[in-house]
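[1] structural data only, the sequence is not supplied:
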């Protein structure tokens, strides 16, 4: 690991210390962001309560917040940059841009290849070859696997023949023909095969308006099938803005709404079960009157107030996501690639870290692109999919590939 990534960020923070102290209006809000909206959290709940309890001036509280940051790992300037972006503090965000860009460049050089000797399929031929590959199944003769499979205190239960429902919403055709999302059919095909191999019942919806999205998901949330489900997955692919996803008439379904439809009060069948949402869309400012005010940004209310959610985005706020007509979206490619090759041994958060590495390392026409996916959530256990293994922990584990019994 480069020294810049280990200690150099502290020099970056020191360089901007005075201007940050001068311009932060609400250090409590920054502390909350560093805990509630970062994954993994930079601050603990105790850090947030300590900050709120300080009866001091705003500047002194900001100084102490920055001092506490110097004892945190993993280059917290990136999280601080995002906190300033969430609060609309453009001046402070801009002053950190060079340091954050430097971090991502150094990170790209340091990341070992997630899958040795392989790259994401970037041509039609390699995409076809990748599509034909089945997901790697678990080796059930592994004692470590059996221990993880049985440990439902730390891992969500994932043992049934069908783990649950996976809903895919793909908006490819819009009222304005020029907005057509070319290549999205590739993403649907790849997602459907991958999620089926992870033992999910996959349902696909195409070209929905915002009204139809709300209606469809409300109906899905009340489906009797969810009562026996161990997990729920939603993938939405469309155009988007900072606050949410576009329907085919350009109306916006806010990210808050997705969480509220499936919160445990309205969707009792999924209470205490993992709900994994993936969004393939741009997250730039809207156009033609689309509401992207600060009230629409920031926390996803349903995630903040309820546990067992994970929201994964193709890119961070303010940026576009990348797609190709012949192979589909970078984020969906990377997600399926990692699910196929790593779901047999890694939990979802570790897999999404690898997705970040793959997407940030891709290139367009020979130019490096620093598009980095983002995830937020409130999972309280690890999500392992255990592809190829089914059955209650107390009974023999059957591997669908060879019929062996542990």
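    Sure, I can see it. Quick caveat: nothing in here was measured; it's all calculated off a predicted structure. Residues are numbered from 1 along each chain as shown.

[2] tell me the SS of residue 276?
    Under DSSP: H, G, I helix; E, B strand; the rest coil, the three-state class of residue 276 is strand.

[3] does it touch residue 229 like I think?
    No - at 11.9 Å, residue 276 does not count as touching residue 229 under the criterion of CB atoms under 8 Å. To be clear about C-beta, it is placed using only N, CA and C from the backbone, and glycine gets the same treatment.

[4] give the buried residues for stretch 80-97.
    Within stretch 80-97, the residues that count as buried by 16 or more other CB atoms under 10 Å are 80-87, 89, 92-93, 95-96.

[5] that one: end-to-end distance?
    Terminal residues of stretch 80-97 lie 11 Å apart, using CA to CA, to the nearest Å.

[6] with stretch 244-261 instead?
    14 Å.

[7] pull out the buried residues from that stretch.
    244-248, 250, 252-261.

[8] looking at the residues you listed, spot the one nearest residue 147.
    Residue 147 lies nearest to residue 259 out of the buried residues of stretch 244-261, by CB to CB, at 32.5 Å.

[9] which intervals of the stretch 1-150 of the chain have sub-threshold pLDDT?
    Residues of the stretch 1-150 of the chain meeting the criterion pLDDT under 70: 1-10, 38-40, 73-76, 99-132, 139-144.

[10] for it, what spans make up the helices?
    All helices of the stretch 1-150 of the chain, identified by DSSP state H, counting those that start in this stretch, fall at 3, 9-15, 17-23, 27-36, 45-53, 58-69, 77-86, 90-110, 124-132, 143-150.

[11] now do the stretch 301-406 of the chain
    Counting by DSSP H, counting those that start in this stretch, the helices of the stretch 301-406 of the chain are 301-305, 330-342, 348-360.

[12] can you flag the weakest of the ones you listed by average pLDDT?
    Mean pLDDT is lowest for helix 301-305 among those, at a mean of 53.

[13] surely residue 184 is in contact with residue 169?
    No - under the criterion of CB under 8 Å, residue 184 makes no contact with residue 169, lying 10.7 Å away.

[14] hey, what's in contact with both of the two?
    Taking CB atoms under 8 Å, 6 or more residues apart in numbering as the contact rule, residue 184 and residue 169 both touch residue 237.

[15] neighbours of residue 281, how many?
    When counting by other CB atoms under 10 Å, one arrives at 23 neighbours for residue 281.

[16] apart from its neighbours in sequence, what residue is nearest it?
    Leaving aside its chain neighbours, residue 281 sits nearest to residue 240 (2.9 Å; criterion: CB to CB, 6 or more residues apart in numbering).

[17] residue 41 now?
    Setting aside the residues directly before and after it, residue 41 is nearest to residue 35 in space (CB to CB, 6+ apart), at 4.9 Å.

[18] what pLDDT is listed against residue 177?
    For residue 177, the pLDDT comes out at 70.

[19] any stretches of the stretch 201-350 of the chain with poor pLDDT?
    For the stretch 201-350 of the chain, the stretches flagged by pLDDT under 70 are 282-305, 316-328.

[20] for it, what spans make up the strands?
    Counting by DSSP state E, counting those that start in this stretch, the stretch 201-350 of the chain has strands at residues 231-237, 244-246, 252-254, 275-280, 309-313, 323-324, 328-329.

[21] tell me the domain boundaries of the protein?
    As given by the TED database, the domain ranges for the chain are 9-111, 124-378.

[22] quick check: which of the ones you listed is nearest to residue 384?
    It is, among those and with distance given as CB to CB, domain 124-378, at 5.1 Å.

[23] quick one on the thing from earlier: what's the most buried one of the domains of the chain?
    domain 124-378 (a mean of 18; mean count of other CB atoms under 10 Å).

[24] ok so, going back, need the helices of the stretch 1-150 of the chain in JSON lines (columns: distance to residue 334).
    Below are the helices of the stretch 1-150 of the chain laid out as JSON lines (distance: least, CB to CB, whole Å):
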{"stretch": "helix 3", "distance to residue 334": "29"}
{"stretch": "helix 9-15", "distance to residue 334": "26"}
{"stretch": "helix 17-23", "distance to residue 334": "34"}
{"stretch": "helix 27-36", "distance to residue 334": "26"}
{"stretch": "helix 45-53", "distance to residue 334": "32"}
{"stretch": "helix 58-69", "distance to residue 334": "30"}
{"stretch": "helix 77-86", "distance to residue 334": "20"}
{"stretch": "helix 90-110", "distance to residue 334": "14"}
{"stretch": "helix 124-132", "distance to residue 334": "11"}
{"stretch": "helix 143-150", "distance to residue 334": "24"}
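
[25] what sits against residue 171?
    181, 184, 206, 207, 208, 237, 238, 239, 245, 246, 247, 248.

[26] identify, from the residues you listed, the entry nearest to residue 20.
    Closest approach to residue 20 among the contacts of residue 171 (CB to CB): residue 245, at 33.5 Å.

[27] my read: that closest one touches residue 235, true?
    No - Residue 245 lies out of contact with residue 235 (CB under 8 Å); the separation is 11.2 Å.

[28] shared neighbours of those two, which are they?
    Taking CB under 8 Å, 6+ apart as the criterion, residue 245 and residue 235 both touch residue 279.

[29] which stretch among the helices of the stretch 301-406 of the chain comes nearest residue 191?
    Among those, the nearest to residue 191 by CB to CB is helix 330-342 (6.3 Å).
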